[in-house]
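A.B. asks: generate a structure from the sequence data that follows.
(2 chains)
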Number of protein chains: 2
Amino acid sequence: MAKESPEPVTAVIETAGEWLPSALGEVEECLDRATGRTGPLAGDASATLRAGGKRMRPMLVLLSAGPEGGDRAVRSATAVELVHMASLVHDDVLDRAPLRRGRPTVYAESGRARATDLGDALFAEAFGLLARAGDDAAVAVLSETTRDLVTGELVQRSQAGDMGLAEDDYLERCRLKTGSLFSASCALGALAPSPEGGPDLESLAAFGGAIGLAFQMLDDVLDISGPEERTGKAPGTDLLDGTVTLPVIVAIEREPAIGTVDLDRLDRESALELAGRIEATGALDEVRGRAIALVEEAKRALDGTPLPEDRRTLLDLVADGVVLRYS
Amino acid sequence: MAKESPEPVTAVIETAGEWLPSALGEVEECLDRATGRTGPLAGDASATLRAGGKRMRPMLVLLSAGPEGGDRAVRSATAVELVHMASLVHDDVLDRAPLRRGRPTVYAESGRARATDLGDALFAEAFGLLARAGDDAAVAVLSETTRDLVTGELVQRSQAGDMGLAEDDYLERCRLKTGSLFSASCALGALAPSPEGGPDLESLAAFGGAIGLAFQMLDDVLDISGPEERTGKAPGTDLLDGTVTLPVIVAIEREPAIGTVDLDRLDRESALELAGRIEATGALDEVRGRAIALVEEAKRALDGTPLPEDRRTLLDLVADGVVLRYS
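C.D. replies: Take a look at the predicted model:
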């Protein structure tokens, strides 16, 4: 199976020494084994699961761990990606999503029952992988962040259709559903070479949380403006799902009439039209600008840490990659 | 909230010393905290989740651990019940089940999104509870059995409507979906006082697996014959879901014409009629008899173990309780 390597990832890999591509390769093997272990659950879904992921979170684990992270970092990187996969599989069931990363979802290919059970099995695999290695510090971090993740998804659904959504509520939801797992990825990386948690742990966790939040904000911009061949899904999908994002909130501040639209009554055509109105307010540029500022803030969170120069550079590259992917 | 205590459980508690009711009380507190920790996820669902469970699995953990099991046993007992709850919540979503234990399901009360997310959060809580205590041996056992459980559910759905289902395939599915968690409950109990696994571990795991299988077989009998006020759901529900169970398989052996029924085309009335035809073959008595034999076999698995007499008696009582509940 050909693996896609989007540009920012390639840049990071090319800049790093031998250890990073080698560790990423081990993560892929470990993911193959873990999804294979789900046996009859995965079936044809196995390829769908593994294809096209950007492996941002595993990359953050490995870079936060550094070359001394060893097997522990590889396991944590795999576990984080398994939790990410599990949550995507369940989300796609709930959203009845036909496409993900430009391919049919597990839900579309195998139905809601198989997809729900497979998601459950992937959660179990993630925890089992760390537990079999006796890494209970990592299991504890993964459990907390999994709870955040699913809480974030639930909060998002409970906010659906609310055109009066406050920015703080949006930001808190993004911290839960995206920032937390990015932050945990960095924390798990920091725990790999020094299970008591090295001096970088807090800074790395803050770094991860900030770029996760930026990632989500830019993802939300892309949903409004992104061409389908880039995002792998139709633009305006969030609007059709009733998901109110920062671009919408900012657009309403600038043009209050947008706030009177009833998202429940949108169809594909009127969703595209609404996306155009949002873009016309300049909201997308504002959100992009805020995300870029957040990435810069994230990088500054690493100032003063004793991270070696080369790893610092790689982490900065990942942070820039979050922005580049959307520019 | 009033707690129900079905008779077999009451009998075991009354026979045991102080430690058992006290430990069961701690499990309830621990469940309250864990479901409370799911925060906005649980909401009104929290009471629904906790109500009316028989706590068979926690009981097996505690009895397998004995009075020396301490906090470790309480945590494992709680974690096992959380995984059980999570799987029920997801099952009810997939089956669109209105009732469970005679009460509206989380799915019915809160919808499929909240129920799916809540199930995910309960899985994460179960693993987190054990991990925060550093009990990675227990996390590993729980991870394996969770995978079995969801695999069993999936196998069941893939077998739906197959009136030619072989008995061995039915039994394997029951081992996965029910026997495994019963067996793991006993194994987790055995690990609590002696984390390396005491001399009873294998025997207790075999005991648990056998009574779990008997439990499932009797549950399947009850679905055909059980009065609704006893089972908390309408009789023939499995048949309407297309689930082929041992009573159906045995009935077809005795009266092949039953095998020609198309389960997809059943309605509530014709499902009740089919249940009557199955019962008339004497299949229910045969399955009951086999389940009782299995329970006796389970008890014999404990022969020769160094378990103290009083705990052996209590475990036998639980085993008998599986049968009594259905007699």
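A.B. asks: how about the contacts made by the residue of the stretch 201-327 of chain A at minimum distance from chain B?
C.D. replies: Residue nearest to chain B within the stretch 201-327 of chain A: A:Asp241 (10.9 Å; CB to the nearest CB). No exception for glycine: its C-beta is placed from N, CA and C like everyone else's. By CB atoms under 8 Å, 6 or more residues apart in numbering or on different chains, A:Asp241 lies in contact with A:95, A:160.
A.B. asks: need phi/psi at it.
C.D. replies: A:Asp241 adopts backbone torsions of phi -80, psi 0, taken as degrees, to the nearest 10.
A.B. asks: pretty sure A:Phe182 contacts A:Ala205?
C.D. replies: No: with contacts counted by CB atoms under 8 Å, A:Phe182 stays clear of A:Ala205, the gap being 9.2 Å.
A.B. asks: contacts only, for A:Val221.
C.D. replies: A:247, A:284, A:287-288, A:291, A:326.
A.B. asks: next one: A:Pro67
C.D. replies: A:Pro67 neighbours (CB under 8 Å, 6+ apart): A:17, A:19.
A.B. asks: look up how far chain B lies from it.
C.D. replies: 25 Å (CB to the nearest CB, to the nearest Å).
A.B. asks: circling back to that earlier point, state the pLDDT value of the residue of the stretch 201-327 of chain A closest to chain B.
C.D. replies: Listed pLDDT for A:Asp241 reads 88.
A.B. asks: do the same with the one 4 residues further on
C.D. replies: Here the pLDDT value assigned to A:Thr245 is 97.
A.B. asks: before we move on, what about the one 3 residues further on?
C.D. replies: Model confidence at A:Val248, expressed as pLDDT, equals 97.
A.B. asks: and if you look at A:Val221?
C.D. replies: Reading off the confidence values, A:Val221 has pLDDT 94.
A.B. asks: excluding chain neighbours, give the residue nearest to the residue in the stretch 151-300 of chain A that chain B sits nearest to in space.
C.D. replies: Per CB to the nearest CB, A:Leu154 is where the stretch 151-300 of chain A lies closest to chain B, at 4.2 Å. Nearest residue to A:Leu154, sequence neighbours excluded (CB to CB, 6 or more residues apart in numbering or on different chains): B:Asp117, at 4.2 Å.
A.B. asks: over to A:Thr78?
C.D. replies: A:Cys30 (4.1 Å).
A.B. asks: burial measure for that neighbour, as a count.
C.D. replies: A:Cys30 has 20 neighbouring residues, counting by other CB atoms under 10 Å in any protein chain shown.
A.B. asks: name the helix or strand for it, please.
C.D. replies: helix A:19-37 (DSSP states H and E).
A.B. asks: in CSV, list the C-alpha atoms belonging to the helix or strand harbouring A:Ala293.
C.D. replies: Element membership for A:Ala293 (DSSP H and E) is helix A:283-300. Extracted as CSV, the C-alpha positions of helix A:283-300 are listed here (Å, rounded to 0.1, in the frame of the first residue of the first chain):
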residue,chain,number,x,y,z
ALA,A,283,-13.5,36.1,8.8
LEU,A,284,-11.3,33.4,7.4
ASP,A,285,-8.3,35.7,7.2
GLU,A,286,-8.8,36.7,10.8
VAL,A,287,-9.0,33.1,12.0
ARG,A,288,-6.0,32.1,9.9
GLY,A,289,-4.1,35.0,11.5
ARG,A,290,-5.1,34.0,15.0
ALA,A,291,-4.0,30.4,14.3
ILE,A,292,-0.7,31.6,13.0
ALA,A,293,-0.2,33.7,16.1
LEU,A,294,-1.0,30.6,18.2
VAL,A,295,1.6,28.6,16.4
GLU,A,296,4.2,31.3,17.2
GLU,A,297,3.1,31.3,20.8
ALA,A,298,3.5,27.5,20.8
LYS,A,299,7.0,27.7,19.6
ARG,A,300,7.8,30.3,22.2
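A.B. asks: ok so, going back, what is the nearest of the contacts of A:Val221 to B:Leu63?
C.D. replies: A:Ala291 (55.3 Å; CB to CB).
A.B. asks: ok, now which ones touch the closest one?
C.D. replies: By CB under 8 Å, 6+ apart, A:Ala291 lies in contact with A:214, A:217-218, A:221, A:322-323, A:326.
A.B. asks: turn these into TSV, columns for secondary structure.
C.D. replies: Formatted as TSV, the contacts of A:Ala291 follow (DSSP: H, G, I helix; E, B strand; the rest coil):
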residue	secondary structure
A:Ala214	helix
A:Met217	helix
A:Leu218	helix
A:Val221	helix
A:Val322	helix
A:Val323	helix
A:Tyr326	coil
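A.B. asks: now the closest residue to A:Gly189 other than its chain neighbours, what's its secondary structure?
C.D. replies: For A:Gly189, ignoring the flanking residues on the chain, the nearest one in space by CB to CB, 6+ apart is A:Ser64 at 2.6 Å. Secondary structure, three-state DSSP: A:Ser64 is helix.
A.B. asks: ok, which stretches of the stretch 101-250 of chain A are helices?
C.D. replies: Taking DSSP state H, counting those that start in this stretch as the criterion, the stretch 101-250 of chain A carries its helices at A:106-132, A:136-158, A:167-174, A:180-191, A:201-225, A:228-231, A:237-240, A:246-254.
A.B. asks: deepest-packed of those helices, please.
C.D. replies: Stretch with highest mean neighbour count among these: helix A:180-191 (a mean of 29; mean count of other CB atoms under 10 Å in any protein chain shown).
A.B. asks: verify the stated contact: A:Ala77 with A:Glu28.
C.D. replies: No: when contacts are counted by CB under 8 Å, A:Ala77 is not listed as touching A:Glu28 (10.1 Å).
A.B. asks: who's more crowded, the two?
C.D. replies: Comparing A:Ala77 with A:Glu28 by neighbour count (other CB under 10 Å), the higher total belongs to A:Ala77, at 31 against 16.
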